[in-house]
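Participant: coordinates only, sequence not included:
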Ligand code: ATR
């Protein structure tokens, strides 16, 4: 009987219980995935100690606790150390070990949708945004050794900070959003990682796509709305697109694998999740 869950705030609308209960079914494992909301008024330390007593097999960590959980862990994997942010914790015989699944989850979703992109490394990739998600995605893609991964962000220092994670085989240039807009036609893959395009925030895309090459893959990690304006525009211009909810699923698949050792196929869940989100 797997005891799994999520900490964060607010989490009442999280899709994780649906996803993980589906993964448990697919893996033919008994278990449950529960929400453990910790509000800003709560004593975080006290809540974490209570959680420890529940002896969960594993749990996810979401905003605003991805950094705050670190002092309570016994160990972290190399990626989480590099990110200094943890979104998945596994209980290894009472020891809590932290992982960060953002990058690997994204790369799995990309590989599944567009395996041809990985056939050679001479690719040019543009990441729009320099927040936590961009950091994980950049790091995971440099591990493959892609030729060029550029970053465009409103705040340049944050992009420069991410570029320090770079590997020798990957070149990185930092751009403003305006500069990036003028060069979008040069990229094989563009990854939109900012909150722009989210239902409650803004529907206008971060960049205008009048210069998009139809060979380009346009990816957005925002999944509400399902097909953001930038993806709609890209599709209209003939480009291939990658919807944000796929990252969510593959991240969950990787977390589930860390907890149970099993890696259920999530491809058919893409359609099921679409129905849940619509
Ligand atoms: P996450 O962890 O989900 O990636 P985050 O760390 O809050 O979220 O990062 C949000 C990203 O969206 C950042 O790149 C942010 O740009 P800044 O680094 O300049 O703050 C970007 N972003 C959010 N609102 C924006 C806006 N109105 N215009 C441009 N960029 C914006």
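Facilitator: Alright, I've got the coordinates. The structure presented is a predicted model; accordingly, all values stated were derived computationally and were not measured.
Participant: around the ligand, pick out the residues from the stretch 51-200 of the chain.
Facilitator: When proximity is defined as CB under 6 Å from any ligand atom, the stretch 51-200 of the chain approaches the ligand at 129-134, 153-155, 158, 193-196. The C-beta positions use only the backbone N, C-alpha and C, and glycine is treated the same way.
Participant: who wins for neighbours among those residues?
Facilitator: In terms of neighbour count, residue 193 stands highest of these at 28 neighbours, by other CB atoms under 10 Å.
Participant: centroid-nearest residue for the protein?
Facilitator: Residue closest to the mean C-alpha point of the chain, counted by CA atoms, centre = their mean, is residue 102 at 3.6 Å.
Participant: now that one. Its backbone dihedrals?
Facilitator: Main-chain torsions, residue 102, degrees, to the nearest 10: phi -50, psi -60.
Participant: apart from its neighbours in sequence, what residue is nearest it?
Facilitator: Closest residue to residue 102 apart from its sequence neighbours, by CB to CB, 6 or more residues apart in numbering: residue 136 at 3.0 Å.
Participant: for the one you found, what are its contacts?
Facilitator: 79, 83, 85, 100, 102-103, 106 (CB atoms under 8 Å, 6 or more residues apart in numbering).
Participant: now residue 245
Facilitator: Here residue 245 is in contact with 223, 226, 270, 273-274, 277 (criterion: CB under 8 Å, 6+ apart).
Participant: for the closest residue in space to residue 173 that isn't next to it in sequence, what are its contacts?
Facilitator: Of all residues not flanking residue 173 in the chain, residue 150 sits nearest, at 4.7 Å (CB to CB, 6+ apart). Residues in contact with residue 150 (CB under 8 Å, 6+ apart) are 124-127, 172-175, 180, 187.
Participant: switch to 7 Å and redo it
Facilitator: 126, 172-173, 175 (CB atoms under 7 Å, 6 or more residues apart in numbering).
Participant: also residue 73?
Facilitator: Residue 73 neighbours (CB under 7 Å, 6+ apart): 86, 89, 96-98.
Participant: that one and residue 96: what is the separation?
Facilitator: 5 Å (CB to CB, to the nearest Å).
Participant: anything in contact with each of those two?
Facilitator: Taking CB under 7 Å, 6+ apart as the contact rule, residue 73 and residue 96 both touch residue 89.
Participant: one step back: in helices, which of the contacts of residue 245 appear?
Facilitator: Assigned to helices by DSSP state H, the following of the contacts of residue 245 qualify: 270, 273-274, 277.
Participant: may I ask which of those has the most neighbours?
Facilitator: When neighbours are counted by other CB under 10 Å, residue 273 leads the ones in helices among the contacts of residue 245 with 23 neighbours.
Participant: skipping adjacent residues, who's closest to that residue in space?
Facilitator: The shortest distance from residue 273 to any non-neighbouring residue, by CB to CB, 6+ apart, is to residue 245 (5.4 Å).
Participant: partner strands of the helix or strand hosting residue 190, with direction?
Facilitator: Using DSSP states H and E, residue 190 maps to strand 189-192. If you go by DSSP bridges, strand 189-192 pairs up with strand 124-128 (parallel), strand 217-220 (parallel).
Participant: how much space between the spatially closest residue to residue 197 that is not a sequence neighbour and the ligand?
Facilitator: Nearest non-adjacent residue to residue 197, counting by CB to CB, 6+ apart: residue 228, 3.8 Å away. Noted for residue 228: a distance of 13 Å to the ligand, by CB to the nearest ligand atom, to the nearest Å.
Participant: swap in residue 67?
Facilitator: When residue 67 is compared with the ligand (using CB to the nearest ligand atom), they lie 11 Å apart.
Participant: give me the neighbour count for residue 152.
Facilitator: Applying other CB under 10 Å, we find 27 residues neighbouring residue 152.
Participant: follow-up on the earlier one: look up phi and psi at the residue nearest to residue 173.
Facilitator: phi -90, psi 160.
Participant: now do the contacts for residue 1.
Facilitator: Residues counted as contacts of residue 1 (CB under 7 Å, 6+ apart) are 30-31.
Participant: what about 10 Å?
Facilitator: 29-32, 57 (CB atoms under 10 Å, 6 or more residues apart in numbering).
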